[in-house]
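> compute the structure for the input listed below.
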Amino acid sequence: MAQAIHTLRHSPEVQAFPTGLGSAVKYVGEGMANVVFSFPEAQDSMRDLLIRVPKDVTGDHEEIHKHWCENVYPLFESRDLVPQYLVKIEGQDDILVRLRSELEAAETKGQRKSKMKGTKIKTDIRTAMLIHDMRPRNDNEILIEFKPKWLEQSPTAPKDATRCRNCAREAYRNNKKGTGDSILCPLRFMDRAGEVSMARVKEFITKGLGISSGSPAAITLEKWLRENTLLPHLHDAQVSNDSTGVLEPKDQFKLGLAMTLRDCTCYVRLSRQGSSIEKVEARLGDLDLKDQTTKLDYWRDMELELQEQGYYLSNEKPQQKTDCLLS
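Numbering: from 1, shown residues only. The predicted model follows:
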């Protein structure tokens, strides 16, 4: 028998698909590996759930979820992570038909990005992930979404580097693309006493959200940026899992975990009217394990490229403008 939402629990095991989600599904978005949908008719506490289903290019979610439970979850307080539940969707023919139909409709309506068009939900799907919905629940709420990136310098960067690893990587990317995209130095997240750093961080992560300087929401956000425990905890987890760098990693599995932590997303939901920071909901998501066996050569090659082409020392040609805390 399908179970109710209140029985869903933190567990690496597959759980029964819950009741109370309603019959309707709505396309929310997608990445290369998964598609996310909401349940517009969900009841009560079920309204906070989204479903993430794998595409044909993706394996089943069992190993991904097991890694999250065994290696990511123990690093943080439960309140710091976007909750996720592995559920059995095999045999749920009605919901699968609706999901596939909604994805086709999203493509017809032009809602899918061009690079995603034509990709399909996995054919022989057995499991899916139910995840906590961090989107605003009403017009009074704002969701701020950003990637904290590398919160500490690369262990193998030159000692006299004038750029952190992320700023060096972004300068490299801009040169390859022939663009001058703005870059936020992630070290500024840890420079919490720095007025310039806090102003730059706040401006960058709220771009396009209509949060005016001096507004209650802006004041709450700045207080959270200065006092939160989540980002320092993430910083420490990155460092503790990679103390030697990608060129000669001491532990390849831990390196993969560190790289996962360097590419996660931080979701911050707060009130437009402002509040105490205790009422700010901030969680980390996008924590699927980076496969160190297939990525290690890429990470090594990138590190060597940044060193040899002068990106760490701001000597690349043509030179890119960055605003690194180290410069």
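> where do the strands sit along this structure?
Using DSSP state E, the strands found in the chain span residues 26-30, 34-38, 49-54, 84-88, 127-132, 141-146, 265-271, 281-285.
> want to try a markdown table for these, with mean neighbour count, mean pLDDT and distance to Pro249 as columns?
Backbone N, C-alpha and C define where each C-beta goes, glycine included. A markdown table is the format used below for the strands of the chain (neighbours: other Cβ atoms under 10 Å; pLDDT from 0 to 100; distance: least, Cβ to Cβ, whole Å):
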| stretch | mean neighbour count | mean pLDDT | distance to Pro249 |
| --- | --- | --- | --- |
| strand 26-30 | 17 | 97 | 32 |
| strand 34-38 | 21 | 96 | 28 |
| strand 49-54 | 21 | 96 | 29 |
| strand 84-88 | 20 | 96 | 28 |
| strand 127-132 | 21 | 96 | 29 |
| strand 141-146 | 16 | 96 | 27 |
| strand 265-271 | 20 | 96 | 24 |
| strand 281-285 | 18 | 97 | 23 |
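> closest one to Lys115 among those?
For Lys115, the closest of the strands of the chain is strand 26-30, at 10.2 Å, according to Cβ to Cβ.
> quick one: list the elements packing against that closest one.
Counting contacts by 3 or more Cβ pairs under 8 Å, 6 or more residues apart in numbering; DSSP states H and E, strand 26-30 is packed against strand 34-38, helix 93-108.
> nearest to Asp297, of these?
Once these are compared by Cβ to Cβ, strand 34-38 is nearest, at 25.1 Å.
> isn't Arg126 up against Ile89?
Yes: Arg126 is in contact with Ile89 according to Cβ atoms under 8 Å; the separation is 7.0 Å.
> please tell me how far the residue lying closest to Arg135 once chain neighbours are set aside sits from Lys254.
Nearest residue to Arg135, sequence neighbours excluded (Cβ to Cβ, 6 or more residues apart in numbering): Leu143, at 5.7 Å. Using Cβ to Cβ, to the nearest Å, Leu143 is found at 31 Å from Lys254.
> next one: Arg135
Here the criterion is Cβ to Cβ. By it, Arg135 lies 33 Å from Lys254.
> more neighbours: the two, which one.
When neighbours are counted by other Cβ atoms under 10 Å, Arg135 and Lys254 differ, and Lys254 comes out ahead with 17 against 13.
> burial measure for the nearest residue to the more buried one once chain neighbours are set aside, as a count.
Distance criterion Cβ to Cβ, 6+ apart; nearest residue to Lys254, sequence neighbours excluded, is Asn241 at 4.3 Å. When counting by other Cβ under 10 Å, one arrives at 21 neighbours for Asn241.
> tell me the contacts of Asn241?
251, 254-255, 257-258, 261 (Cβ atoms under 8 Å, 6 or more residues apart in numbering).
> run the last query once more with 6 Å
Contact analysis of Asn241 by Cβ atoms under 6 Å, 6 or more residues apart in numbering lists 254, 257-258.
> the residue nearest to Glu227 when sequence neighbours are not counted: how many residues sit nearby?
Once flanking residues are discounted, Glu227 sits nearest to Ile277: 5.8 Å by Cβ to Cβ, 6+ apart. Residues lying near Ile277 (other Cβ under 10 Å) number 16.
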